[in-house]
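My questions concern the predicted model and sequence given below.
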Amino acid sequence: MTSGERDRKDAERARLRAARRGAEPVPMVSEVLLATAAFGVPAGGTVCAYLAVRGEPGSAGMLESLRGAGFRVLLPVVAGVGPLEWAEHTGALRAGPFGLREPDGPLLGVGAVAGAALVLVPALAVDRAGVRLGQGGGYYDRTLPLARGPVVAVVRDEEFVESLPAEAHDARMSAVLTPGRGVVRLPL
Ligand SMILES: Nc1nc2c(c(=O)[nH]1)N(C=O)[C@@H](CNc1ccc(C(=O)N[C@@H](CCC(=O)O)C(=O)O)cc1)CN2
Ligand SMILES: Nc1ncnc2c1ncn2[C@@H]1O[C@H](COP(=O)(O)OP(=O)(O)OP(=O)(O)O)[C@@H](O)[C@H]1O
């Protein structure tokens, strides 16, 4: 890690967050089903997803779309500084840290992500090499090494960029999903 890359990441985060305040919502209701089809998630298979906040692409409707198609949907739960915990999305939610809402059911363990046939990952931006810029907590970097299925970052079209500052610990994405381009496999 160099302080130069840290500073560049922070500057990019500030720019991307500012652009998201004022942006139209992007519900991703139909687009997520492009990702389950592209990666052949079997009927009844498990998809790790997230509850969108602060201009993130995605919506409650995106989660209902996945459940309506018969997939089992897991949502992240922040549990200390280790990898993310997971719980099934059944509709019951409670307030979590960072202004997030989290599922209210039993925790399935940090290893639950290994059983997912697809992991949808929130991001501020993704580049052509598969480098992801997240919120800066390092949560997904600690979690995604446990995943066995494809990991797909979900961003707006303009957040799929040429190049991002990268550090060795940054988990690489298998693909990116945007409203305009659908599923794009990475590296490109
Ligand atoms: N929807 C969603 N869920 C998620 C994430 C995410 O990026 N998006 N996470 C991704 O890791 C994990 C939670 N970690 C997060 C860490 C920081 C912030 C964040 O927005 N931080 C802001 C505001 C902090 C605050 O309100 O105190 C910041 O640091 O400026 C969000 C999530 C798991 N769940
Ligand atoms: N595998 C890891 N083990 C321990 N610490 C890590 C690991 N990966 C990242 N970190 C730490 O987490 C912090 C944030 O990392 P980074 O800036 O890459 O977060 P991010 O990917 O944007 O965040 P998030 O995944 O929460 O959205 C850094 O201080 C980094 O050192």
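Structure's in. What do you need? Ligands and ions are numbered 1, 2, ... in the order given.

For this protein, which residues are neighbours of ligand 2?
9, 133-142, 169-170 (C-beta under 6 Å from any ligand atom). To be clear about C-beta, it is placed using only N, CA and C from the backbone, and glycine gets the same treatment.

switch the cut-off to 8 Å
1, 6, 9, 13, 81, 122-124, 132-143, 145, 167, 169-171 (C-beta under 8 Å from any ligand atom).

Counting neighbours, which of these end up buried?
9, 13, 122-124, 132-135, 139-140, 142-143, 170-171 (16 or more other C-beta atoms under 10 Å).

So which residues of the chain form helices?
Ranges of helices within the chain are 3-20, 31-38, 60-68, 139-143, based on DSSP state H.

Neighbours of the nearest residue to Val151 once chain neighbours are set aside, how many?
Nearest residue to Val151 in three dimensions, chain neighbours excluded: Val119, at 4.6 Å (C-beta to C-beta, 6 or more residues apart in numbering). For Val119, the neighbour count with other C-beta atoms under 10 Å is 28.

Over to Val126?
Residues near Val126, counting by other C-beta under 10 Å, number 28.

quick one: the strands in this structure?
Here the chain has its strands, by DSSP state E, at 46-48, 72-77, 85-88, 93-95, 101-103, 118-122, 125-127, 132-133, 151-154, 160-161, 175-178, 182-185.

Select, out of those, the one closest to Arg21.
Ranking those by proximity to Arg21 (C-beta to C-beta) places strand 125-127 first, at 15.5 Å.

which helices and strands sit right next to that closest one?
strand 132-133, strand 160-161 (3 or more C-beta pairs under 8 Å, 6 or more residues apart in numbering; DSSP states H and E).

ok so, going back, closest one to Arg101 out of the buried ones among the residues of the chain next to ligand 2, please.
Using C-beta to C-beta, those come closest to Arg101 at Pro122, 13.1 Å.

Show me the shaky parts of the chain.
1-2 (pLDDT under 70).

which residues touch the most centrally placed residue in it?
Per C-alpha atoms, centre = their mean, the C-alpha nearest to the average position across the chain is that of Val121, at 1.4 Å. Neighbour list for Val121: Tyr50, Arg132, Gly134, Tyr140, Leu144, Val151, Val152, Ala153, Val154, Met173 [criterion: C-beta atoms under 8 Å, 6 or more residues apart in numbering].

Nearest to ligand 2 among those residues?
Gly134 (2.1 Å; C-beta to the nearest ligand atom).

Alright, I will stop here.
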